[in-house]
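Quick one: sequence and predicted model below, then my questions.
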Amino acid sequence: MAEVEIGRGKSGRRAYELDEIGIVPSRRTRDPEEVSVAWQIDAYRFEMPLVVAPMDSVVSPDLAISIGKLGGLAALDLEGLWTRYESPEPLLAEITSLEDGTATRRLQELYAEPIKEELIGRRIKEIRDAGVTVAARLSPQRTAQYHKAVIDAGVDLFVIRGTTVSAEHVSGRSEPLNLKQFIYDLDVPVIVGGCATYTAALHLMRTGAAGVLVGFGGGSGHTTRTVLGVAVPMATAVSDVAAARRDYLDESGGRYVHVIADGGMRQSGDIAKALAVGADAVMVGSPFARAAEAPGRGFHWGSEAHHEELPRGARLEVGSIGTLEQILYGPSNVADGSMNLIGALRRAMATSGYSDLKEFQRVQVVVAPH
């Protein structure tokens, strides 16, 4: 791809956000009810290509169970309030009542409470006992310390999620996590990320991961672009990582690694476009923070918002618009793409003539001036 000259000493690629591209309808259309949006990773099959993001404002054990029963997957944050406190509900209520000027400091205080291994086991068991697939998240920094408790509790899908995760982390202070050795030794499939480039994704795929997260997480509440200056537009990032998936498929002799777009999925059209440029599934946060059942009660924040040294996120008031089932399957009473996410995806695929997700990745897209 041609590079753009920024100045005499630096050039860079032109990259695209999801809202800068559009899906092109084909000559053939289908009935939306005849479209399959099912997704399978490893031995686990879901009725939708969607993972609810591991954020305390979005996923509680109860919500993870509800999403599982609706045909989806929700990942519980094992570094959140649910593994730090026996009864986090009063603290969740307190977070919703904070003034904007004091929210970040109070979040830092609440999340300074140590993680308790017995609560890790108890939360996973609670979801598992409900008969749904269990996904749980740790950061790369805490994976070595707590992974045994996670595996012993019976997790089905292990998510290692950070702002940026590499297969080769250099540290003079501590022994870095050897992802390749770690994943090889585990008996459960691992989803790891985020990453945003072809090369970084290819290295993560070589660790043996079942899925790779594309993006920097945090969604609408993260300020990574402002604080660190780190940003890669999602449409380009997903397309680049999808190319790495294709090349790794050849390199490995047929091993398929799932590409999961993570971050910036605010409306149903974003989900459709992320899949159109190559994602197998998406990780979504803010649309579910607006569910009546969400633990954040109309507020939304991610793990970046309470970092003890350099917060890179904010607590946002997003409001409540309906139930989980309405947000996923409708009926919608708004026209902004925030409800009936799966119905909208079915219609986007049907309008462009594709019957399943793998076919839909071949859809034509156009770049539109933003």
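Sure thing, it's come through. Since this is a predicted model, take the numbers as computed values, not measurements.

which residues of the stretch 51-200 of the chain fall in helices?
Counting by DSSP state H, counting those that start in this stretch, residue ranges of the helices within the stretch 51-200 of the chain are 61-69, 89-97, 100-110, 117-129, 140-153, 179-185, 198-205.

Give the burial count for A344, as a bare number.
By the criterion of other C-beta atoms under 10 Å, A344 has 20 neighbours. Yep, even glycine has a C-beta here, placed from its N, CA and C like the rest.

before we move on, the earlier item: nearest to L18 among the helices of the stretch 51-200 of the chain would be which one?
Of all the helices of the stretch 51-200 of the chain, helix 198-205 sits nearest to L18, with 17.9 Å by C-beta to C-beta.

Return the distance of the nearest residue to Y184 once chain neighbours are set aside relative to V58.
Excluding the flanking residues, the one nearest Y184 by C-beta to C-beta, 6 or more residues apart in numbering is G208, at 5.6 Å. Between G208 and V58 the computed distance is 28 Å (C-beta to C-beta, to the nearest Å).

Comparing those two, which shows the higher neighbour count?
With neighbours defined as other C-beta under 10 Å, G208 and V58 compare such that V58 has more, 30 against 20.

for the more buried one, what are its contacts?
Listed by C-beta atoms under 8 Å, 6 or more residues apart in numbering, the contact set of V58 reads V52, A74, G285, F288, A289, A294, P295, G296, H300.

Please report phi then psi for the spatially closest residue to R312 that is not a sequence neighbour.
For R312, ignoring the flanking residues on the chain, the nearest one in space by C-beta to C-beta, 6+ apart is E304 at 4.2 Å. The main-chain torsion angles of E304 are listed as degrees, to the nearest 10 and equal phi -70, psi -20.

Could you measure from E304 over to E117?
For E304, the distance to E117 under the criterion C-beta to C-beta works out to 24 Å.

out of the two, which sits in the busier spot?
Each of E304 and E117 has its neighbours counted (other C-beta under 10 Å); E304 has more, 23 against 17.

And that one, how far from V366?
Here the criterion is C-beta to C-beta. By it, E304 lies 33 Å from V366.

what's the answer for E293, then?
Distance of E293 to V366, given as C-beta to C-beta: 38 Å.

And those two? Which one has more around it.
In this view E293 and V366 are compared by other C-beta under 10 Å, and E293 has more residues nearby, 16 against 9.

got the contact list for G343?
P32, Y329, G330, S332.

So, low pLDDT: which residues of the chain?
When the per-residue scores of the chain are filtered using pLDDT under 70, the ranges that remain are 1-2, 163-177, 217-230, 370.

Give me the most central residue, it.
When C-alpha atoms, centre = their mean is applied to the chain, the residue found nearest the centroid is M283 (2.8 Å).

Do a quick rundown of the strands in the stretch 151-300 of the chain.
Assigned strands in the stretch 151-300 of the chain, in chain order: 157-161, 190-195, 211-214, 258-262, 281-284, 299-300 (criterion: DSSP state E, counting those that start in this stretch).

need those strands in a markdown table with distance to E109, can you?
Rendered in a markdown table, the data for these read as follows (distance: least, C-beta to C-beta, whole Å):
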| stretch | distance to E109 |
| --- | --- |
| strand 157-161 | 23 |
| strand 190-195 | 27 |
| strand 211-214 | 29 |
| strand 258-262 | 28 |
| strand 281-284 | 28 |
| strand 299-300 | 17 |
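
mind checking which of those strands is nearest G337?
Shortest distance between G337 and those, using C-beta to C-beta, is found for strand 281-284: 12.2 Å.

any idea how far V232 is from the closest residue to I120 other than its chain neighbours?
Nearest non-adjacent residue to I120, counting by C-beta to C-beta, 6+ apart: A149, 4.6 Å away. A149 is 33 Å from V232, where distance means C-beta to C-beta.

go on, L179?
If you measure L179 against V232 using C-beta to C-beta, the figure is 21 Å.

Look at the two and report which has more neighbours.
Ranked by neighbour count (other C-beta under 10 Å), L179 and V232 place L179 first, with 24 against 20.

Am I right that the residue nearest to Y184 is in contact with F182?
No: under the criterion of C-beta atoms under 8 Å, G208 lies out of contact with F182, with a separation of 9.1 Å.

what's the nearest residue to T236 once chain neighbours are set aside in contact with, if anything?
Once flanking residues are discounted, T236 sits nearest to A15: 3.8 Å by C-beta to C-beta, 6+ apart. For A15, the contacting residues are V232, P233, A235, T236, A237, by C-beta under 8 Å, 6+ apart.
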